[in-house]
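Enquirer: Fold the following for me, if possible:
(2 chains)
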Amino acid sequence: MDQVKFVAEYAAHLMGCGIHTSRVIRNTKRLGDALNFDVNISVFQKSIILTIQKNETQQIFSEVIEIPALPISFEHNSELSGLSWEAVDRKLSFEEIKAKYDTIVSAPRMNQWLVLLLVGLANASFCRLFGGDWLSMLIVCIATFAGFYTRLFLQARKINHYIIFIVSAFIASMLSSTALLFNTTSDIALATSVLYLIPGVPLINGVIDIIEGHTLTGISRLTNAFLLIICIAIGLSFTLFLFTNRLV
Amino acid sequence: MIIFDILSDGLFGAIAAIGFGAISNPPKRAFKFIALLGAIGHACRFCLMTYLHIDIASASLVSGLIIGFGSLWLGKPIYCPTTVIFIPALLPMIPGKFAYNTIFSQIMFLQNINQPDLKAKYMEMFFSNGMVTLTVIFLLAIGATLPMFIFHSRSHSLTRRVYK
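Expert: Here you go, the predicted structure:
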């Protein structure tokens, strides 16, 4: 019974940390093979239903598990996919698989300050790619730093994530509107300052899901991504409303 | 001078790809290929648009395809699924300026609703920018995922390690 719960948790964790549906199903079935289970899965937006048959005893278990809202993690994506292959190829026992799973899941994320720095630089070079000058890049870097810090700060306090997106988009664009005071490419600075918030992972995963026929989860991912993009637009429009006369 | 332009475009593309990748916590071994593909993808689109005068949508599709094939090829030595490498590499190519102009023209449209000239101008601006934004994002996604669907058996087993 432990093992059944574990397979369900594995599937829900994969789904929660931003992996497209067909890979979740493939990995979970492969993990089931390693444990000598026959796994059938239906994936919905908020929950997963698994029917698991133990090949030795022919017992059938049914399990419904909620998909947790986890931060996106590519590391979990590659390591947990690797774990399912390893379990099959090396015929690992359940205890070994469980121990490896726990190590992977509890590994620390990247240092937050390093991420902040990298995101600031990334958005500054984005500004450069759109044709901004060095002063705009500096302003965008500082604005992104502040905006992303706000996002992390509010996320740690478990505030509704639509509100987080509106507030951090507003703060980033407001700070980058200081570019209007100088003779610089201020519209490019404003345009790029909020781009670090773009939910790229759900957008791409949504497209992949729809193409592969998992239309339900695909549409729900795209809907979530579009709602977040609308929130970014709302945060940006607060700033634009304040400065419309100076922008035209 | 052309070489310098292309290289600097690639360099900034790489920094952007690393930064946007870092948000999603990729494995550390993936960073070098994320940077490489981000640079190649963006520099390729820059060349197509600047020197061959191809439109932004077709150029994005070509760059998306290059990134997709690259991620399929480079994923194997570091045992990473294609999405882990190509999503951060695609993000620098999001048409941010067009997206911004869409929102800007929407606001200006609403502010000038009583002035027919300005209203028509911003309406036109809203639709043309919005169409470019949507098309480019869609084509980028299609381009990058197409190799994954064509070579599905390879893309399914990228994380499989060899045990002796």
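Enquirer: Which single residue of chain A ends up nearest chain B?
Expert: With Cβ to the nearest Cβ, the shortest gap between chain A and chain B falls at A:A122, namely 2.1 Å. All C-beta spots, glycine's among them, are computed from the backbone N, C-alpha and C.
Enquirer: which residues are contacting the helix or strand harbouring that residue?
Expert: Assessed by DSSP states H and E, A:A122 sits inside helix A:112-129. Applying Cβ atoms under 8 Å, 6 or more residues apart in numbering or on different chains, the contact partners of helix A:112-129 are A:136-138, A:140-145, A:148-149, A:152, A:188-189, A:192-193, A:195-196, B:9, B:11-13, B:15-20, B:22-23, B:42, B:92, B:96.
Enquirer: Name the next helix or strand downstream of it, please.
Expert: That would be, after helix A:112-129 and using DSSP H and E, helix A:134-156.
Enquirer: Pull out the buried positions in that following helix.
Expert: A:136-151, A:154 (16 or more other Cβ atoms under 10 Å in any protein chain shown).
Enquirer: can you narrow those residues to ones near chain B?
Expert: For chain B, no contacts are drawn from the buried residues of helix A:134-156 by Cβ under 8 Å from any Cβ of the partner chain.
Enquirer: Quick check, central residue of chain A?
Expert: The centroid of chain A falls nearest to A:I72 when counting by Cα atoms, centre = their mean (3.2 Å).
Enquirer: Name the SS class of that residue, please.
Expert: coil (DSSP: H, G, I helix; E, B strand; the rest coil).
Enquirer: Read off the pLDDT value for it.
Expert: With respect to pLDDT, A:I72 scores 89.
Enquirer: check contacts around it.
Expert: A:C17, A:G18, A:V201, B:I23, B:S24, B:N25 are the contacts of A:I72 under Cβ under 8 Å, 6+ apart.
Enquirer: quick one: contacts for the last one?
Expert: B:N25 is in contact with A:P71, A:I72, A:S73, A:F74, A:E75, A:H76, A:R109, A:M110, counting by Cβ under 8 Å, 6+ apart.
Enquirer: And the residues you listed, which of them are buried?
Expert: Among those, those classed as buried by 16+ other Cβ under 10 Å are A:I72, A:S73, A:F74, A:E75, A:H76, A:M110.
Enquirer: Touching, the fourth one and A:A107? I think so.
Expert: What it means is A:E75. Yes. Counting by Cβ atoms under 8 Å, A:E75 touches A:A107, with 7.1 Å between them.
Enquirer: any idea what sits nearest B:P27, other than its immediate chain neighbours?
Expert: Using Cβ to Cβ, 6 or more residues apart in numbering or on different chains and skipping residues adjacent in sequence, the residue nearest B:P27 is A:E75, 4.7 Å away.
Enquirer: helices and strands around the lengthiest helix in chain A, which ones?
Expert: Using DSSP state H, we find that the single longest helix of chain A is helix A:215-247. Packing contacts for helix A:215-247, counted by 3 or more Cβ pairs under 8 Å, 6 or more residues apart in numbering or on different chains; DSSP states H and E, involve helix A:161-176, helix A:186-193, helix A:200-211, helix B:96-111.
Enquirer: so which two of the contacts of A:I72 are the farthest from each other?
Expert: Across those, no pair lies farther apart than A:C17 and B:I23, at 13.1 Å, counting by Cβ to Cβ.
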